[in-house]
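Enquirer: predicted model, plus sequence, below.
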Number of protein chains: 4
Amino acid sequence: METLAKLELHPLSEIGNLKVHGRTTGRLSPLTLFWTGSAVEFNVKGSELWVEVEADYDTYEPWISILINSVPVSRQMITAGRSFICVFRGMNKDVVKNVRIVRDMQAMSGDPGSSLQIHAVKSDGDFLPVEEKPYKIEFIGDSITSGEGAIGARTEEDWIPMWCSAIHNYSMMTASRLHADYRILSQSGWGVLTSWDNNPRANMPDYYEKVCGILTGKKNEALGAFEENDFESWQPDIVVVNLGTNDGGAFYSPEWKDEVTGEIHKQRLNEDGSYHEEDLQSFENAAVRFLMKIRTYNKQAKIVWAYGMLGIPMMPAIYRAVDAYKQKTGDQNVSVFQLPNMTEQTTGARSHPGATAHEKAAEELSAYIRDLL
Amino acid sequence: METLAKLELHPLSEIGNLKVHGRTTGRLSPLTLFWTGSAVEFNVKGSELWVEVEADYDTYEPWISILINSVPVSRQMITAGRSFICVFRGMNKDVVKNVRIVRDMQAMSGDPGSSLQIHAVKSDGDFLPVEEKPYKIEFIGDSITSGEGAIGARTEEDWIPMWCSAIHNYSMMTASRLHADYRILSQSGWGVLTSWDNNPRANMPDYYEKVCGILTGKKNEALGAFEENDFESWQPDIVVVNLGTNDGGAFYSPEWKDEVTGEIHKQRLNEDGSYHEEDLQSFENAAVRFLMKIRTYNKQAKIVWAYGMLGIPMMPAIYRAVDAYKQKTGDQNVSVFQLPNMTEQTTGARSHPGATAHEKAAEELSAYIRDLL
Amino acid sequence: METLAKLELHPLSEIGNLKVHGRTTGRLSPLTLFWTGSAVEFNVKGSELWVEVEADYDTYEPWISILINSVPVSRQMITAGRSFICVFRGMNKDVVKNVRIVRDMQAMSGDPGSSLQIHAVKSDGDFLPVEEKPYKIEFIGDSITSGEGAIGARTEEDWIPMWCSAIHNYSMMTASRLHADYRILSQSGWGVLTSWDNNPRANMPDYYEKVCGILTGKKNEALGAFEENDFESWQPDIVVVNLGTNDGGAFYSPEWKDEVTGEIHKQRLNEDGSYHEEDLQSFENAAVRFLMKIRTYNKQAKIVWAYGMLGIPMMPAIYRAVDAYKQKTGDQNVSVFQLPNMTEQTTGARSHPGATAHEKAAEELSAYIRDLL
Amino acid sequence: METLAKLELHPLSEIGNLKVHGRTTGRLSPLTLFWTGSAVEFNVKGSELWVEVEADYDTYEPWISILINSVPVSRQMITAGRSFICVFRGMNKDVVKNVRIVRDMQAMSGDPGSSLQIHAVKSDGDFLPVEEKPYKIEFIGDSITSGEGAIGARTEEDWIPMWCSAIHNYSMMTASRLHADYRILSQSGWGVLTSWDNNPRANMPDYYEKVCGILTGKKNEALGAFEENDFESWQPDIVVVNLGTNDGGAFYSPEWKDEVTGEIHKQRLNEDGSYHEEDLQSFENAAVRFLMKIRTYNKQAKIVWAYGMLGIPMMPAIYRAVDAYKQKTGDQNVSVFQLPNMTEQTTGARSHPGATAHEKAAEELSAYIRDLL
């Protein structure tokens, strides 16, 4: 085997020219990648590059994808432990390669032990500056935005990280079409008011201010997940909210019960099958509050509520919420956009949108956003 | 991290129900995967599966792709050493998963130290029988059949394993459309008579009888690469020969010189730019001899000379060679099929066909073969 | 020239087995086709068929398209006068052909002299029964539903019938995908409250009860255009309302003035460029009233407000109107669906959706309606 | 109805600025359009245009298509007699429209009475010069090049002009992609040596020198069909020969017998189903002679034998013929190109290529020709 003798170890914190994608604490020793689609990016002028990753978990292992010059070339499960992964070798040392190491799995609220960190790189090359993209987009969503089912056979039914993709994902595709940097905050099953199974704690808005507030546990606390997010450092031009699908599902799910307090929650259906007005109003109120919170932290962003890849039953409520928000605040920079529905042909694994459904969504959403920019 | 305590180690040689793809020696302790697209396949009823791989190389490292239920979910470089790779975990233990571990890089004639082996698997599950497909296809080709450039940005110019794909490859796509098992013999730059740079030793026909005769070195000898291939055990219904592209290129390349013997070879152009008739005849003679050799070992197969993804300058010579072969042998089961040319839009990395070009080729070739079956 | 001696003349009124598409008076001596997409359909078992048409106009001539076995084979301008047009000849007389003669131009409110009538057919064959389709859909729209720009080069700017298509039209495509009979009521430039240029008389709702109330003049009165439509005879399963695009445009157009009465109308913009709330409310009120009117005449239909092929600025108002209608009536069988926006690639003539844009709209709309049926 | 008073009659012979497509006699009083795809083209600066056509036939009526600014807007059967057809009206009189009136049906060897002529136009506008395209292509073919089946339902079986299209035709599409003027010589059922049913007179080569030599009868003689073609006036850059499909079919058809002379012809199959060598050689000889004839009249053209939309059984013979021609003449400007086969999805009417099959063929053929130009 070829010698690696000439490679030099660079802790991330000592590389000036790198770009971190996704909400983080700012720490680089090591860098913790919390959210799906979060990444570290380099421009390497060298023949070989290794990256030192560390993973842990109780249940759900992290995955990464590697992009060279914007093309995905590798995707792999990261099993527990700390190790070096070779990104490339044997390349022309005088040519600059753009490299992106992407966390290819959502933040795991269901596994407090799950973590993915990047410590260092080894290379024989130099690290050159990484360009800023002209735009910034933040995506806030659920399983759709986590890319659940975007990889895998249609028959797959297990809920495991393998079927989730940050790459075959409308968020990355939309950002790519618009030449935008982007961040994702997403969690399968979660909603604006409750999760698909009526859990009122599994809502995205409550945790928006934190770096990755949906996580739990001491370990994540130590990693900084619950720190205040530094909004000033990354102000998006566009915030896409793709929520509501699970809030709609909650009306058809059994009640949720807090086993400790006995607290119960249930979004109710009327006898004729329509949504109970009071509960629907609760959803709308939660949506209004979330828009107000988003605006608090993103003064200039155009906010787009994009919804519809798995049907549009909540769309009237979403429009009412956006209307109510505008009325209340006078803020006109919020709009609603219907995403194209998944079809029989574009279904992926776990009855979720496949890669083609994500492509169609990205095509339409990026055209809509282009007009806003 | 979750315990792995219940996993049981199974050396490959002790698993009755597995299927090996690609030419091998028959040995399973360990299994050496020589050719691109060669693989080991399981039907695993269990929640977790690891595979123990061993790689070595001087220059060119091997890559693998993992397919679960026929869908590619992982692709990774295998660095030197012996280690366990987790294929899946956390899945429903009562459901059978079809798993294929595919060598995603061509046999490396240029690196006698390069090897990829599979020793064992670990799982908590049972290994069920793997079905036989109704058809068998053998592909013999060059860089196109090695999938060179089918992955990667258009700007890529390095000759490295990363840009080669056994998955985004017309051979796998053709076999998949026809529900066929398949094997690949391929080598970038090689031809029927000579390589692209006029090396008369870099021809596929001379090594056809061996398991993987294009390799060199003591190590490969020890692995069994130069053993006689057991043709009886796997008789294809179709043999696809996709060669000629490099033989055509040789006319435009400088002469080749054997530094030891002083031997020189050069396919010559006439002054008007046409191929020198004598040299073209040498190509045709080599093609006839190769067809005769293929027929010797594959008595029943329909042989299809499929050519054209990078232009068709050698097509008249190929037709003449097939005519001459038929005349000489009376064998009518040989035909020629023109593959669709790569276009500006379908170009991949290294000026080679991209994934879309491979898809178009597979669409047309599989339709042609379907009529033969 | 071949003799036509064996052809027999059949006034439409004497053919029992025919099917008339589109709103008409019920008269067949002759049949007046008022709306685009209206048609007469036969199943002819014979070798030859001619149709006797009569056209007149001051400005805008009618066009027809002919479909044989559901495939468009001919499209032609019908110049003034009465004449026989050969639909087919020389065909196998023992085979049944399904024939549809389609008016391929919208009702012409701008030309009181424009008319298209069908008097009779000549054939050597028999007229067999025409099947009923399982569903019925009514489309109410503007230039988009008139297929304006769906034919012709992008550079075309003239407003003439030639560029309008009932065939390359999302309405026909949607009905075809759903195996539905359909009717169109459409008028370029018109809206719910006003036309694109603020004319409050150019609204579709006021004329909904009549056979073709948007027309004017004595001649059309004589033809029965202003008679009450017989709603009982054709009850749609789905009513698609594709209006709002021109109501949105009115905010950006100069005021309209009735030269006789001096009456003025203008949908106003606020100084910040947003829609004047009062005027937007007028639109919403008009939409609510229109929904109530549609429901009056179509008790069982699911009503779908489908909007978005030329942008979605009016969508919030449409959602509010539908909400208000539901609140007021308790009727839940009304919903809103966003159609995919025309893109740079799918633009047709006159800056309107081209055939590809109509296909995309039909793909999404038909999938949405399929779930309602 | 609007007055036509201001229109001025222009006999074709008096319009300097017009362009005639397709082989003709040069006469314009009237212009006879013999071959499919032949046409007259104008650049009209005016608001209205009519064209005076005259048709006759015993069995097969002609059809025309009208293109405005390169987009097909009308297609209609021309019944017997002489009449004016309105091409456009009501357009901006200051804008120039490019207009092409295309014969949309093959020359009819089976109907000596069939003819289509253009006498004059009426317009209020001026006729401006029509540009020369940078390239010229001649297509010589059979039913495929006649566009048989490119329009119509798959179930259609009648052999009638309605199902033939010069527009949804690989020849027009290829020329359009290459910005080339083009001519077609085509006849359904005909071949190089014989027709599909072994008639040795139904071969294209014998009639190549004449304007439209495949026709018969006194009337066509009077129209000039049998005059020598003026090759000097239109020298193509490319000649595409798409013949061989019917020559292949002849091997499977019953013998042909001349009822008058008793002469018999039959291309024979061997007992094992292969082509009889002697008869195949006759085909090859005919192909060689045809290439020599084409070269005689087209000194500079690159000749492309393009074959394969309905299978490739004759391809080896075509390659041998081209080889033999090159050997005999030393002419290297002849090559063979395999067209993509029609598939289940792309089949049109009468088991012939549909519009999509023609598009695929044009995509590949135009790319091939582009490299030759």
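Expert: Right, received. Where do you want to start?

Enquirer: in which helix or strand would I find the most centrally placed residue in chain A?
Expert: Centroid-nearest residue in chain A, with Cα atoms, centre = their mean: A:I184, separated by 3.0 Å. In the assignment (DSSP states H and E), A:I184 maps to strand A:180-186.

Enquirer: what is the distance between that strand and the centre of its chain?
Expert: Put simply, strand A:180-186 sits 6 Å off its chain's centre (Cα atoms, centre = their mean, to the nearest Å).

Enquirer: low-scoring stretches of chain A, by residue?
Expert: For chain A, the stretches with pLDDT under 70 are A:1-5.

Enquirer: chain C contacts on that one?
Expert: A:272, A:274, A:308, A:312, A:315-316, A:319-320, A:322-323, A:332, A:335-338, A:340-341, A:343, A:364, A:367-368 (Cβ under 8 Å from any Cβ of the partner chain). Yep, even glycine has a C-beta here, placed from its N, CA and C like the rest.

Enquirer: so what does the strand holding A:I184 touch, helix or strand wise?
Expert: Other elements packing on strand A:180-186 under the criterion 3 or more Cβ pairs under 8 Å, 6 or more residues apart in numbering or on different chains; DSSP states H and E are strand A:19-21, strand A:135-141, helix A:170-177.

Enquirer: swap in 6 Å and give it another go.
Expert: On a contact count with 3 or more Cβ pairs under 6 Å, 6 or more residues apart in numbering or on different chains; DSSP states H and E, strand A:180-186 meets strand A:135-141.

Enquirer: what pairs with the strand it packs on, parallel or antiparallel?
Expert: Take DSSP bridges as the rule and strand A:135-141 pairs in its sheet with strand A:180-186 (parallel), strand A:238-242 (parallel).

Enquirer: give me the angle between the first one and helix A:170-177.
Expert: If you take axes from the mean of the first three to the mean of the last three Cα atoms, to 10 degrees, strand A:180-186 sits at 170 degrees to helix A:170-177.

Enquirer: after strand A:180-186 comes which helix or strand?
Expert: That would be, after strand A:180-186 and using DSSP H and E, helix A:218-223.

Enquirer: ok, now the last one?
Expert: For strand A:238-242, the succeeding helix or strand toward the C-terminus, using DSSP H and E, is helix A:245-250.

Enquirer: do you know how far the residue lying closest to A:S115 once chain neighbours are set aside is from D:E54?
Expert: In space, and not counting its chain neighbours, A:S115 is closest to A:D56: 5.2 Å by Cβ to Cβ, 6 or more residues apart in numbering or on different chains. In this view, A:D56 and D:E54 are 87 Å apart by Cβ to Cβ, to the nearest Å.

Enquirer: who are the packing partners of the helix or strand A:R82 falls within?
Expert: Using DSSP H and E, A:R82 sits within strand A:81-88. Applying 3+ Cβ pairs under 6 Å, 6+ apart, we find strand A:81-88 packed against strand A:49-56.

Enquirer: 10 Å instead, please
Expert: On a contact count with 3 or more Cβ pairs under 10 Å, 6 or more residues apart in numbering or on different chains; DSSP states H and E, strand A:81-88 meets strand A:39-45, strand A:49-56, strand A:63-68, strand A:71-77, strand A:96-103, strand A:115-123, strand B:71-77.

Enquirer: mind listing what's buried in that strand?
Expert: A:84-88 (16 or more other Cβ atoms under 10 Å in any protein chain shown).
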